[in-house]
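J.: make a model of this:
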Amino acid sequence: MDINNSSPVITDIPYSAKLSAIVPKRKMIKSPVPTKFDETIVNGWIEAMKCSSPPHKKKNVYFGHDHLPNNDADCEFRLWQTKCPSALTSFDKIMMHAKGRKIALFLDYDGTLSQIVDDPDKAVMTKKMRATVKDVSKYFPTAIVSGRSRDKVFEFVKLTELYYAGSHGMDIMVPEMRSTNKQGDNLFQPAREFLPMMDEVFRSLIKSTKGIKGSKVENNKFCISVHYRNVDEKDWNLVVQCVDNAAKAYPRLRVTHGRKVLEIRPLIDWDKGKAVEFLLESLELNNSEEVLPIYIGDDRTDEDAFKVLKKRNCGYGILVSSMPKETEAVFSLKDPSEVMAFLQLLIRYKKRQSLLLNGEKQTSA
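T.: Next comes the predicted model:
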């Protein structure tokens, strides 16, 4: 669809013939960005911001991590877990479905491998989490799929053993060419032509939000993120106005929201779900009878990946949340500490499998 009444210019970028056969031509989608700013729009956005950005919960002394603060909420959470049970208590069930299949892991970063923090530049993962992710990648192909820029999330993770998809999957390092250092030859970037536009939006938002105390604008290459976690709620309308003004100047961009963040992205039919499909294909892991993909994430943008796995009926989405949420995920984990525990269970499972296999070989010999 051509929003500007001219020929669409979103095209595939050059990459290997094999990969060009994998990914269909992307199409433009209708923009949810309003063309006129009014009070209704402000209220609508702010309500969405409140719903998608729950406040921090106090630590519960019984659980040792963020948890629901009272008995009623705790009961509600346990009731929700009957529909979206813990991936820890359901581990044996998950492994039963993994029997005879290769597991492929897809991990979000913020809120999944690292805690959500007030300053997004300080969202570092622990040394123990990094060691765990490194170990799990020895046994299973593992990818990080993040809203952060690919370079930025790599700086946080610092593991060359992984595959990286940044900017909500719009910046992917092509797996089979990962070892090459030729920038451009080993990258899949379906929105590459938007880069100059994104730089303009970034500069515009830096200026317009300068007077909003606590706001932070982050350039994630193919996604401009405006964080309002440290902004007084009475000033959220100012954040909305700045984002709306920046976005409506570019009809080929759209506004989305996540946890305490508004984001401006290219208006193409591409998201974390499409990125997962692309990686499965390019890693030759798209045979649902032989591969079990597992995607772990905490944000609403991860729902696109959960939907893909559910639609393909080929894997499991695991939502990281300490409170009930509407989700397409099948299982849940409360926080990054439980994510690490789940990954450690996977490592032990694989080691146990290897020991059994070696024992069978020795017996047969």
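
J.: so where's the protein uncertain?
T.: Counting by pLDDT under 70, the chain contains low-confidence residues at 1-43, 51-70, 174-185, 359-365.

J.: could you rerun that using 50?
T.: 1-37, 56-69, 177-184 (pLDDT under 50).

J.: domain parsing of it, as residue ranges.
T.: With domains defined by the TED database, the chain comprises 73-189+270-361, 192-266.

J.: quick one: which of the ones you listed is nearest Glu47?
T.: domain 192-266 (10.3 Å; C-beta to C-beta). C-betas here are computed from N, CA, C, even on glycine.

J.: which helices and strands does the longest helix anywhere in the chain pack with?
T.: Ordering each helix of the chain by length in residues (DSSP state H) puts helix 336-364 first. Contacts defined by 3 or more C-beta pairs under 8 Å, 6 or more residues apart in numbering; DSSP states H and E place helix 336-364 against helix 91-98, strand 102-107, helix 127-139, strand 316-320.

J.: against which helices or strands is the longest one packed?
T.: Using 3+ C-beta pairs under 8 Å, 6+ apart as the contact test, the elements touching helix 127-139 are strand 102-107, helix 336-364.

J.: mind listing residues that contact the first one?
T.: In other words, strand 102-107. Contact partners of strand 102-107, identified using C-beta atoms under 8 Å, 6 or more residues apart in numbering, comprise 113, 133, 136-137, 140-145, 276, 279-280, 283, 285, 290-297, 305, 315, 339, 343, 346.

J.: what lies in contact with stretch 165-173?
T.: With C-beta under 8 Å, 6+ apart, stretch 165-173 has contacts from 143-153, 163-164, 186-191, 220-223, 265-266, 268, 270-276, 278-279, 301.

J.: hang on, the earlier thing: in helices, which of the contacts of strand 102-107 fall?
T.: Applying DSSP H to those, the entries found in helices are 133, 136-137, 276, 279-280, 305, 339, 343, 346.

J.: among those residues, give me the pair with the biggest separation.
T.: Leu280 and Val339 (21.0 Å).

J.: got the contact list for Ile294?
T.: Listed by C-beta under 8 Å, 6+ apart, the contact set of Ile294 reads 94, 103-106, 315-316, 318.

J.: list the contacts of the nearest residue to Ala87 once chain neighbours are set aside.
T.: Sequence neighbours aside, Phe331 is the residue nearest to Ala87 in space, at 4.0 Å (criterion: C-beta to C-beta, 6 or more residues apart in numbering). When contacts are counted by C-beta under 8 Å, 6+ apart, Phe331 touches 84-87, 90, 94, 316-319.

J.: among those, which ones are buried?
T.: Burial by neighbour count, 16 or more other C-beta atoms under 10 Å: within the contacts of Phe331 this picks out 84, 87, 90, 94, 316-319.

J.: and those, which is closest to Val157?
T.: Closest approach between those and Val157, by C-beta to C-beta: Ile318, at 18.7 Å.

J.: just to check, that closest one is in contact with Lys334?
T.: No. If you go by C-beta atoms under 8 Å, Ile318 and Lys334 don't touch, sitting 11.1 Å apart.

J.: the strands in the protein, which residues?
T.: Under the criterion DSSP state E, the chain contains strands at 102-107, 142-145, 163-166, 171-173, 187-188, 216-219, 224-227, 253-258, 261-266, 291-297, 316-320, 331-333.
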